[in-house]
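Chemist: structure for the following, please:
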Amino acid sequence: MKRKALFLVLALGLLSAQQAMAQSNIGLRAIGATAAFVSPENSDGTFGLGVFADLGQIAPHIGLEPHIEFWSKSVDEFGASSSLRDVTVGARGKYYFEVQNPKIRPFAGAGLGLHFLHSEVSTTLPGFGPMSASASDTKLGLDLGGGLATPINAKNDFRAEAWYGIVSDVSQFALRVGISHKLGM
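Modeler: Sure, this is the predicted structure:
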């Protein structure tokens, strides 16, 4: 009986996977760049840059978008300087809502990213001279957000997005604007 149940579960899984693959439309559709205002946890806001690719739909209304993003923040206070930078490599799934106006495409999404964090601190202490320390860490983060995309012309789209990245000790909120360029039209 257990073997029959296992076989039935595997068969249903394979059938649903084939149906999902038949409805998917994966391939490099567009590339783009973004500029962002990033507000890291426990720090003032800073400027960020990113690149992304539109890989099409993995299911109806659900797009797949890998991305690379970067931001850095430096502070000089009380004779000490510190800096923190984050390079993120990740992917997001975006659910595009059906709306009456086809020129505006609102979406909500979620994704995962690897955050390559690097921090440095340096100061000069009287009698001891210059002192510095640095640390690097890699952390997994969860992105939650949404926005909208609208065409500029037949080959280019404008997008505006808001994302909250949940990362241990360095969670961050980002407002992004960007341009994507469609390929193969």
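
Chemist: pLDDT below threshold where in the protein?
Modeler: 1-23, 185 (pLDDT under 70).

Chemist: that one: helices as residue ranges?
Modeler: Counting by DSSP state H, the chain has these helices, from start to end: 2-23.

Chemist: run through the bridge partners of Arg92.
Modeler: Here Arg92 shows beta-bridge partners Glu65, Gly111, assigned using DSSP bridges.

Chemist: what about it, how many neighbours?
Modeler: Taking other CB atoms under 10 Å as the neighbour definition, Arg92 ends up with a count of 21. For every residue, glycine as well, the C-beta is placed using N, CA and C.

Chemist: residue contacts, it?
Modeler: 64-65, 67, 109-111, 143 (CB atoms under 8 Å, 6 or more residues apart in numbering).

Chemist: whichever of the residues you listed end up buried, select them in ChimeraX.
Modeler: For anyone working in ChimeraX, the buried entries among the contacts of Arg92, judged by 16 or more other CB atoms under 10 Å, can be selected with:
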select :64,65,67,109,111,143
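
Chemist: for the contacts of Arg92, which one is nearest Gly50?
Modeler: The shortest gap between Gly50 and any of those belongs to His67, at 5.8 Å (CB to CB).

Chemist: which residues touch the closest one?
Modeler: The contact partners of His67, by CB under 8 Å, 6+ apart, come to 50-53, 88-92, 113.

Chemist: go again with 6 Å.
Modeler: Contact analysis of His67 by CB atoms under 6 Å, 6 or more residues apart in numbering lists 50, 52, 90.

Chemist: excluding its backbone neighbours, what's nearest the last one?
Modeler: In this case it means Gly90. Once flanking residues are discounted, Gly90 sits nearest to Gly113: 2.6 Å by CB to CB, 6 or more residues apart in numbering.
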